[in-house]
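Colleague: Whatever this is, show me its structure:
(one chain, ligands or ions: 1)
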Amino acid sequence: MPVIFVTNDDGISSSGIKVLSKALRALGDVYVVAPDSEQSAVAHALTLNRPLKPVRTGNRSYSLNGTPTDCVIIGVNRLMAERPDVIVSGINHGGNLGDDVTYSGTVAAAMEGTLLGIPSIAVSLAIDRQSGGDIIITPSRFRTAAETAVKFAEAVLKKGLPKDTLLNINVPDAPESKGVKFTRQGRRVYDNSIREISDPKGNRHYWIGGGAPIWEKGEETDIAAVIEGYVSVTPVHLDMTNHKALEFIKKRWKV
Ligand SMILES: [Mg+2]
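Modeller: Got it, this is the predicted structure:
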């Protein structure tokens, strides 16, 4: 039986991870190690300034007072009896598209798995803010994303992944999938949505976020695929070097 490690950034009690871990049991032995509270937008953060305490929440299931990256490191190296064959992170409540990948705790968990040499995938449900981004998402809404996660976990178990590469999968919020498109990472046009508020003493505070994201339209991008109703699958490389720029700078810059 393949061994599957499941984590997320929305926390162990979120609907997405419950639906995902249940669906993946069709493929193998599932271990769950996930944050005890929501860790969205913590990216690849690692906890170094306090101890991490796992709490058993069920058979092969633990919560941890840390980040998604902490969960992968402690889970794989200490809590699991066997090394996982695949890591699946998600299902995130909300898309991880374009530049937002750099903020994502969901994708970072898959990055950590990749660094440990374990094939890893991140799965997100791209929820349109106007059509219910702020309402409670029922488990049934994750069904298509869970089916997609199982399909790709199975493919990764059979075929593996290219070196240092994870799959970032975004599933549109629809009862059925129109199909899969292999995509590149798109671009977000930042609207710098910052809300200014005052506390009772009159001190000024700022609250980041809340604006609707605006996307640059580009062919073959993750965002274009999701808008058209397709599952977007982007291979993400951990080497962030811009190789074209490296060649250019080596040739042209005399410093
Ligand atoms: Mg999240």
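Colleague: tell me the SS of Ser63?
Modeller: strand (DSSP: H, G, I helix; E, B strand; the rest coil).
Colleague: Could you count how many residues lie near the closest residue to Gly210 other than its chain neighbours?
Modeller: Using Cβ to Cβ, 6 or more residues apart in numbering and skipping the chain neighbours, the partner closest in space to Gly210 is Ser193 (5.3 Å). All C-beta atoms are positioned from the backbone trio N, CA, C, and that covers glycine. A count of nearby residues for Ser193, using other Cβ atoms under 10 Å, gives 12.
Colleague: ditto for Lys244
Modeller: 8.
Colleague: now swap in Val231 and tell me
Modeller: 26.
Colleague: I'd say the residue nearest to Gly210 and Trp207 touch.
Modeller: No: assessed by Cβ atoms under 8 Å, Ser193 is found out of contact with Trp207, at 9.1 Å.
Colleague: Okay, and the residue in the stretch 101-250 of the chain that the ion sits nearest to sits in which element?
Modeller: Residue nearest to the ion within the stretch 101-250 of the chain (Cβ to the ion): Thr106, separated by 5.7 Å. Secondary-structure element containing Thr106, defined by DSSP states H and E: helix 105-115.
Colleague: and the stretch 1-150 of the chain, which of its residues are near the ion?
Modeller: Residues of the stretch 1-150 of the chain lying near the ion by Cβ under 5 Å from the ion: Asp9, Asp10, Ser40, Asn92.
Colleague: Could you look up the SS state of Thr57?
Modeller: strand.
Colleague: Would you mind getting the angle between the helix or strand containing Ser21 and helix 105-115?
Modeller: Assigned by DSSP H and E, Ser21 falls within helix 15-24. Between helix 15-24 and helix 105-115, the angle comes out at 40 degrees (axes from the mean of the first three to the mean of the last three Cα atoms, to 10 degrees).
Colleague: for the record, mean pLDDT for helix 15-24?
Modeller: The average pLDDT for helix 15-24 rounds to 97.
Colleague: Extract the CA atoms of that helix and return them as CSV.
Modeller: Once non-C-alpha atoms are left out, helix 15-24 reads as follows in CSV (Å, rounded to 0.1, in the frame of the first residue of the first chain):
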residue,chain,number,x,y,z
SER,A,15,-13.4,21.0,5.6
GLY,A,16,-10.8,20.8,2.8
ILE,A,17,-8.3,18.5,4.6
LYS,A,18,-11.1,16.3,6.0
VAL,A,19,-12.5,15.7,2.5
LEU,A,20,-9.0,15.3,1.0
SER,A,21,-7.7,12.7,3.6
LYS,A,22,-10.9,10.7,3.3
ALA,A,23,-10.8,10.6,-0.5
LEU,A,24,-7.1,9.6,-0.5
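Colleague: and after it, which helix or strand comes next?
Modeller: Following helix 15-24 in sequence order, the next helix or strand is strand 29-35 (DSSP H and E).
Colleague: Parallel or antiparallel, list what pairs with that next one.
Modeller: Strand 29-35 has the following sheet partners, assigned by DSSP bridges: strand 3-7 (parallel), strand 61-64 (parallel).
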